[in-house]
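Visitor: Show me how the following folds:
(one chain, ligands or ions: 1)
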Amino acid sequence: MSTNFQMKHLLGIRELSADQITHLLDTAESFRDVSRREIKKVPALRGRTVINLFFEPSTRTRTSFEIAAKRLSADAINISVSTSSVSKGETLLDTARNLQAMSPDCIVIRHSSAGAPYHLTRVCNAAIVNAGDGSHEHPTQALLDALTIREHKNGIAGLKVAIIGDILHSRVARSNIYLLSKLGATVRVAGPGTLVPKEFAELIEQGVRIESRIEDAVAGADVVMVLRIQRERQTDAFFPSIREYAVHYGLHLSHLNLAAPDAIVMHPGPMNRGIEISSEIADGGRSLILDQVTNGVAVRMAVLYLLAGTSDGAEKRSEDAAAADDLSDSSRSAGGVRGRSRHQKRGTRN
Ligand code: CP
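Guide: Numbering: from 1, shown residues only. Next up is the predicted model:
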């Protein structure tokens, strides 16, 4: 396995190789330790600037990118779109050009339009990170989900994963299906016929199974992933009523009893309690919903560390080693990590 990440941007999971995904997860695993220390900071991105540009609401993603940047000693700037010049009619690309003029090393963008992060790469030298673009992809969510699964299941290959809910509008479903398939899990999706898009036929060939009944998707599953009903993206009536959806596609204990005895339950948040998931499951012993949020910080630290070390991808690879040494020095002086962390042992995992 190559330990060089060799990506300038993170636009989606689809274009990543299994090795790159594994390298990101290994890097995140070593950063998880930083957040458990009393002093939650390493100097890996000292002097770097990260801009969070969110055109859609976010609690988890925006906060964890900001925390991740700060724990890496980067300067983190949050742009609130409602108080920026976007509200005066400035275009996305003009906003991006103006931000680039201030020399950020990384721009993290969430936007309601699929492809918006890609457009930024055309006018910015900074590394661009997709924090969710329309119904397209949410790569860091899939990575934090994978880190959580790996932590609790000791691996991903061979697992049976059920994804339940609004597949049509879900960037989380897309990114997770790409990631889990690349790492060798089998994926079943279930939702009302109107919320499972036709393009998923292409994914079925890669082994993704579409089920119309929640029971068939959950039977024997090791992981049950529940998705939010995205009413803000629904322009048509995809199901008769929320109550009806809750009856037929809400996850209840009776469904979970069909899964593997040690099955875990995940939800990317925000949750609609009592609609797609019952509170007894959301707050129950098998729920890893808050573990996912915790792992989001580690994953975003890894992404920023691997991408924002420099705005030049080629130069970045040679500087990675120096940044890793900084991290190693800091880890030793903070006393939190014994010896070198996993991603610092370059050349030993090939
Ligand atoms: N899972 C997720 O993207 O949550 P936020 O919308 O709160 O960022």
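Visitor: Arg209 and Ile79, how far apart?
Guide: Per Cβ to Cβ, to the nearest Å, Arg209 is found 41 Å from Ile79. C-beta coordinates here come from the backbone N, C-alpha and C atoms, glycine included.
Visitor: for the nearest residue to Ile289 once chain neighbours are set aside, what are its contacts?
Guide: If the residues on either side of it in the chain are set aside, Ile289 comes closest to His267, at 5.1 Å by Cβ to Cβ, 6 or more residues apart in numbering. The contact partners of His267, by Cβ atoms under 8 Å, 6 or more residues apart in numbering, come to 225-228, 276-277, 282, 287, 289, 292.
Visitor: Next step: these restricted to strands.
Guide: 225-226 (DSSP state E).
Visitor: a markdown table please, covering the contacts of His267 and showing pLDDT, neighbour count and distance to the ligand.
Guide: Output for those, formatted as a markdown table (pLDDT from 0 to 100; neighbours: other Cβ atoms under 10 Å; distance: Cβ to the nearest ligand atom, whole Å):
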| residue | pLDDT | neighbour count | distance to the ligand |
| --- | --- | --- | --- |
| Met225 | 98 | 25 | 12 |
| Val226 | 97 | 27 | 12 |
| Leu227 | 95 | 24 | 10 |
| Arg228 | 90 | 19 | 8 |
| Glu276 | 93 | 23 | 13 |
| Ile277 | 96 | 26 | 14 |
| Ala282 | 97 | 19 | 14 |
| Ser287 | 98 | 19 | 15 |
| Ile289 | 98 | 18 | 10 |
| Gln292 | 98 | 22 | 8 |
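Visitor: Which residues outside stretch 206-218 are in contact with it?
Guide: Contacts for stretch 206-218 (Cβ under 8 Å, 6+ apart): 162-164, 177, 181, 186-190, 192-193, 196, 200, 204, 224, 248-249, 251, 255-256, 258-259.
Visitor: Centre of the chain to that stretch, how far?
Guide: 23 Å (Cα atoms, centre = their mean, to the nearest Å).
Visitor: pLDDT below threshold where in the protein?
Guide: Scanning the chain for pLDDT under 70 picks out the ranges 1-4, 198, 204-205, 231-237, 310-350.
Visitor: interface residues of it facing the ligand?
Guide: 58-61, 132, 141, 268-270 (Cβ under 6 Å from any ligand atom).
Visitor: Alright, that wraps it up for me.
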